[in-house]
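Chemist: whatever this is, show me its structure:
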Amino acid sequence: MSNIGRDRNPTEPGRGVSGHGEYVPKVDVLSARDVPLGGPRAMTVRRTLPQRARTLIGAWCFVDHYGPDDVTDTGGMDVAPHPHTGLQTVSWLFSGEIEHRDSMGSHAFVRPGELNLMTGGYGISHTEVSTARTTVLHGVQLWVALPGEHRHTGRDFQHYVPSPVRVDGAEVRVFLGALAGDTSPVRTFTPLLGAELVLESRSTTTLAVDAGFEHGLLVDHGDVRIAGTVLHPSELGYIGTGSDTLTLVNETDDAARVVLLGGTPFEEQIVMWWNFIGRSHDDIAEAREAWQSASDRFGRVDGYDGDRLPAPALPNATIAPRKNPTHH
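Modeler: The predicted model follows:
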């Protein structure tokens with residue numbers, strides 16, 4: 001069940017100011033909903049973005065969190081060829097291994113601590129299949145919306161392995177943007193941050209961040225306090241712009257793991273439907289028709305044993321742009 005946009009910041013009255021007169025940012029808590037992924041051989045993921053309360057955090061527009069799944073029970077991940085437009089996909093694993101193939105001819109493996117980033121501007125297609133070497137599958141799948149001037153950019157695929165850095169009681173792996181003195185070389189089209197942090201038990205970690213960014217903190221395991229609000233596993237805490245530091249407190253006796261996302265506010269309204277991002281209903285309809293007719297727009301994925309995923313039927317109503325609420 002999704003408890004959309006709950007505010008658990010206890011700074012009342014006078015929200016935003018602590019008892020010591022210090023600024024405390026408001027935290028919106030976004031809870032996950034279970035979503036089947038990938039057609040008839042679906043695995044279930046926990047989706048915290050998008051939802052009614054929030055469409056975007058920076059240009060991050062999609063957050064799926066899955067596992068730990070014993071693939072002998074669940075069957076693992078088997079997502080047949082499917083298309084994307086107007087976005088970048090970010091694959092990040094905590095355990096297991098996923099085989100990636102795309103219509104650029106890329107054949108790569110997603111492994112823990114290694115970033116796979118695929119750009120599907122005008123159009124790309126790919127497959128994602130957990131390998132026979134996988135016993136427990138666990139990770140996140142993230143999407144980044146491309147800005148209007150780049151949303152028809154060409155296909156691209158990048159692989160990067162960040163080195164861990166230490167900050168206070170945390171081990172940090174920065175896969176996009178800059179944090180904790182480390183910078184990812186991977187290209188993005190808007191200012192972004194993406195990092196995994198493993199927090200030692202009962203530790204406090206303070207991070208210098210860009211005050212022009214809004215941030216989202218996804219908890220994988222553990223109970224983690226940020227700005228006076230405790231986030232539990234699978235919850236995503238949203239903080240608006242204006243904070244130049246973030247302090248994370250692991251409230252548990254075991255290590256906790258989180259994924260920190262951030263970026264400058266994405267001012268464009270987007271239309272999201274199935275695997276497509278556009279700016280209008282017509283953009284989506286054109287992309288769907290191109291996929292259904294097997295046009296050259298999305299290319300062909302070789303090496304997958306099975307059929308392509310068909311696009312679902314368009315809704316009867318016009319697909320409207322998604323807009324973020326004002327964050328107070």
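Chemist: for the rest of this, base every contact and every neighbour count on C-alpha atoms.
Modeler: Fine.
Chemist: any idea which helix or strand carries the residue most central in space within the chain?
Modeler: Geometric centre of the chain, nearest residue: Leu142, 2.7 Å, by Cα atoms, centre = their mean. Using DSSP states H and E, Leu142 sits within strand 136-145.
Chemist: tell me which helix or strand comes right after that strand.
Modeler: Following strand 136-145 toward the C-terminus (DSSP H and E): strand 156-160.
Chemist: convert the C-alpha atoms of that following strand to PDB, please.
Modeler: The C-alpha coordinates for strand 156-160 follow below in PDB (Å, rounded to 0.1, in the frame of the first residue of the first chain):
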ATOM      1  CA  ASP A 156      24.400   5.200 -26.000                       C
ATOM      2  CA  PHE A 157      25.600   2.700 -23.400                       C
ATOM      3  CA  GLN A 158      28.200   3.300 -20.600                       C
ATOM      4  CA  HIS A 159      29.700   1.100 -17.900                       C
ATOM      5  CA  TYR A 160      31.500   2.500 -14.800                       C
END
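Chemist: mean confidence score for that strand?
Modeler: For strand 156-160, the mean per-residue pLDDT is 97.
Chemist: so what pLDDT did Gly38 get?
Modeler: 55.
Chemist: just the one 5 residues further on next, same as before
Modeler: We have a pLDDT of 75 for Met43.
Chemist: got the contact list for the residue nearest to the centre of the chain?
Modeler: 60-64, 89-91 (Cα atoms under 8 Å, 6 or more residues apart in numbering).
Chemist: for those, which one is nearest Ser293?
Modeler: Nearest to Ser293 among the contacts of Leu142: Thr89, at 23.5 Å, using Cα to Cα.
Chemist: which residues touch the nearest residue to the closest one once chain neighbours are set aside?
Modeler: With Cα to Cα, 6 or more residues apart in numbering as the criterion, Thr89 has its nearest non-adjacent residue at 4.6 Å, and that residue is Trp143. Neighbour list for Trp143: 60-63, 87-90 [criterion: Cα under 8 Å, 6+ apart].
Chemist: ok, now with 6 Å
Modeler: 60-62, 88-90 (Cα atoms under 6 Å, 6 or more residues apart in numbering).
Chemist: could you dump these to a markdown table with pLDDT and distance to Tyr238?
Modeler: Supplementary listing: the contacts of Trp143 in a markdown table, determined by pLDDT from 0 to 100; distance: Cα to Cα, whole Å:
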| residue | pLDDT | distance to Tyr238 |
| --- | --- | --- |
| Trp60 | 98 | 12 |
| Cys61 | 97 | 13 |
| Phe62 | 96 | 14 |
| Gln88 | 98 | 21 |
| Thr89 | 98 | 21 |
| Val90 | 98 | 19 |
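Chemist: of these, which belong to helices?
Modeler: Using DSSP state H, no member of those sits in helices.
Chemist: put the buried members of those into a PyMOL selection.
Modeler: The PyMOL selection below is limited to those of those classed as buried (16 or more other Cα atoms under 10 Å):
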select buried, resi 60+61+62+88+89+90
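Chemist: ok, the contacts of Trp143 vs Lys26, which is closest?
Modeler: Using Cα to Cα, these come closest to Lys26 at Trp60, 19.4 Å.
Chemist: state the number of residues packed around the closest residue to that closest one other than its chain neighbours.
Modeler: For Trp60, ignoring the flanking residues on the chain, the nearest one in space by Cα to Cα, 6+ apart is Val144 at 4.5 Å. Using other Cα atoms under 10 Å, Val144 has 25 other residues around it.
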